[in-house]
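**Student:** how would this look folded up:
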Amino acid sequence: MWHIKEHRKLDKIIEKLPLQVVKKYELWKDIIFRHGPSKLKEFPGFHDEILKGDHAGQRSSRLNLQYRFIYQIEKDIVTVYVIDITPHDYKGVAK
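**Tutor:** The predicted model follows:
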């Protein structure tokens, strides 16, 4: 089993999210808790990916087309640390 730590400000962020987004986040947490991050490959809807640049060493998963969250895996203590859930910035992306 994996341990999931959430940033202390995440509760206030979650209160403002649409119910559908919160439910998908809860599903993501259940998958991680039971099976670990490698299991996310079986769920393409999360579009889990490694980040680059300022967020190098972190990962992101999609909750829907607009919302994604950033997290980090601490392998030594088998912890997933959820940092933030934000609307994705699609500036410069052709629609």
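
**Student:** in this structure, which spans are helices?
**Tutor:** Per DSSP state H, the chain carries helices over the ranges 10-15, 19-35.

**Student:** Any idea which of those gets closest to residue 82?
**Tutor:** Evaluated over those, closeness to residue 82 peaks at helix 10-15, with 6.2 Å, by Cβ to Cβ. Every residue, glycine included, has its C-beta placed from N, CA and C.

**Student:** unless I'm mixing things up, residue 81 is touching residue 70, no?
**Tutor:** No: with contact defined as Cβ atoms under 8 Å, residue 81 does not reach residue 70; the gap is 9.6 Å.

**Student:** confidence score at residue 14?
**Tutor:** What the model reports as pLDDT for residue 14 is 91.

**Student:** from what I can see it touches residue 24, true?
**Tutor:** No: applying Cβ under 8 Å, one finds residue 14 not in contact with residue 24, separated by 11.8 Å.

**Student:** So between the two, which is more surrounded?
**Tutor:** residue 24 (19 against 14; other Cβ atoms under 10 Å).

**Student:** Who's the closest spatial neighbour of the more buried one, skipping the chain neighbours?
**Tutor:** residue 63 (4.6 Å; Cβ to Cβ, 6 or more residues apart in numbering).

**Student:** what residues are up against that neighbour?
**Tutor:** For residue 63, the contacting residues are 21, 24-25, 28, 69, 85, by Cβ atoms under 8 Å, 6 or more residues apart in numbering.

**Student:** which one of those residues sits closest to residue 2?
**Tutor:** Out of these, the member with the shortest distance to residue 2 (by Cβ to Cβ) is residue 28, at 11.8 Å.

**Student:** any idea how far residue 15 is from residue 21?
**Tutor:** Distance of residue 15 to residue 21, computed by Cβ to Cβ, to the nearest Å: 12 Å.

**Student:** Over to residue 29?
**Tutor:** In terms of Cβ to Cβ, residue 29 sits 13 Å off from residue 21.

**Student:** Looking at the two now, which is surrounded by more residues?
**Tutor:** Legend: neighbour count by other Cβ under 10 Å for residue 29 and residue 21, higher for residue 21 (19 against 15).

**Student:** wait, isn't the more buried one in contact with residue 65?
**Tutor:** No: assessed by Cβ under 8 Å, residue 21 is found out of contact with residue 65, at 10.6 Å.
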